[in-house]
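Undergrad: Dropping the sequence and predicted coords here.
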Protein chains: 2
Amino acid sequence: MERDESVLRDVNGRFYRALSELDMEGMAAVWMHGPRVRCIHPGWEVLTGWSAVQASWQAIFDNTEAHEVEPRLVEVGVSGDLGWVSCIERITSRGRVGFTVGTNLYRRTPTGWRMVLHHASGVPFEEDGAPEALIH
Amino acid sequence: MERDESVLRDVNGRFYRALSELDMEGMAAVWMHGPRVRCIHPGWEVLTGWSAVQASWQAIFDNTEAHEVEPRLVEVGVSGDLGWVSCIERITSRGRVGFTVGTNLYRRTPTGWRMVLHHASGVPFEEDGAPEALIH
């Protein structure tokens, strides 16, 4: 179980790396390519199905020059073939720092864990830029 | 498995009923009372631990006269002792309708499923008030 959680933490790290590097291939490798996956970008409508989700990442990547998104205060849980991650997303863009909170769900498949749901939303901005201040 | 999902759907319904009825006892019965549960109200900081989560619901209930929150377009998944629900939350308050999206995680315990994470955030308002318009 601890090994499962460690593997899932790595997979979740790959998701944020692909996001940071605007790497569509890496992003596609993380997700399950099915009709029922769901993705909620901050303030967006709910996207359902890999085709819509893929298009949204492509649009985000096309419209982002450079940024870095790091998962912080990561909590991981696994049971059976289902895993979840809750984390603060620390976003650095054009020298400014912002935060969102992410809830990610993953399914175990014969070829590894795949993301089936990503839910991200804004959290109040804290002046000092420390994610710890966002958890109470 | 189908039976598990049906039970979890009922438990999730109880969460939204407690929320609609401003019923703190019902809300407390749905949640796991542990130090690691997480709750993200729309636009709030991340609350961790039942004590902070309970206080937040109490504050919301104390400041809400009447509202109704109905889960729509509910997706449910269960694996082992972990269950997740994704849904649109249709909120009626003072005759107006609004929507948020919710991701809920539950853990199976000897005495039933208990919520361990609730993540809700705003979705763009649609004039026609149909939740279907919020899923793409």
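TA: Nice, I can see it.
Undergrad: Going by C-alpha atoms from here, please, whenever you check contacts or count neighbours.
TA: Fine.
Undergrad: Would you mind finding the longest helix in chain A?
TA: helix A:2-20 (DSSP state H).
Undergrad: I'd like to check which residues are in contact with the residue lying closest to residue A:102 once chain neighbours are set aside.
TA: The shortest distance from residue A:102 to any non-neighbouring residue, by Cα to Cα, 6 or more residues apart in numbering or on different chains, is to residue A:120 (4.3 Å). Residues counted as contacts of residue A:120 (Cα atoms under 8 Å, 6 or more residues apart in numbering or on different chains) are A:40, A:41, A:42, A:100, A:101, A:102, A:103.
Undergrad: Likewise for residue A:88?
TA: With contact taken as Cα under 8 Å, 6+ apart, residue A:88 is in contact with A:71, A:72, A:73, A:74, A:99, A:100, A:101, A:102, A:131.
Undergrad: Drop the exposed ones from these and show what's left.
TA: A:71, A:72, A:99, A:100, A:101, A:102, A:131 (16 or more other Cα atoms under 10 Å in any protein chain shown).
Undergrad: What score does the closest residue to residue A:20 other than its chain neighbours have for pLDDT?
TA: Excluding the flanking residues, the one nearest residue A:20 by Cα to Cα, 6+ apart is residue A:68, at 4.6 Å. At residue A:68, the model reports a pLDDT of 96.
Undergrad: And the one 3 residues further on, by the same measure?
TA: If you check residue A:71, the pLDDT there is 97.
Undergrad: Look at it and tell me its secondary structure.
TA: State at residue A:71, reduced to three classes by DSSP: H, G, I helix; E, B strand; the rest coil: strand.
Undergrad: and the closest residue to it other than its chain neighbours, backbone torsions?
TA: Spatial nearest neighbour of residue A:71, chain neighbours left out: residue A:89 (4.8 Å); criterion: Cα to Cα, 6+ apart. Dihedral pair for residue A:89: phi -100, psi 110, per degrees, to the nearest 10.
Undergrad: Name whatever forms a beta bridge with residue A:89.
TA: Here residue A:89 sits in beta bridges with residue A:71, residue A:100, going by DSSP bridges.
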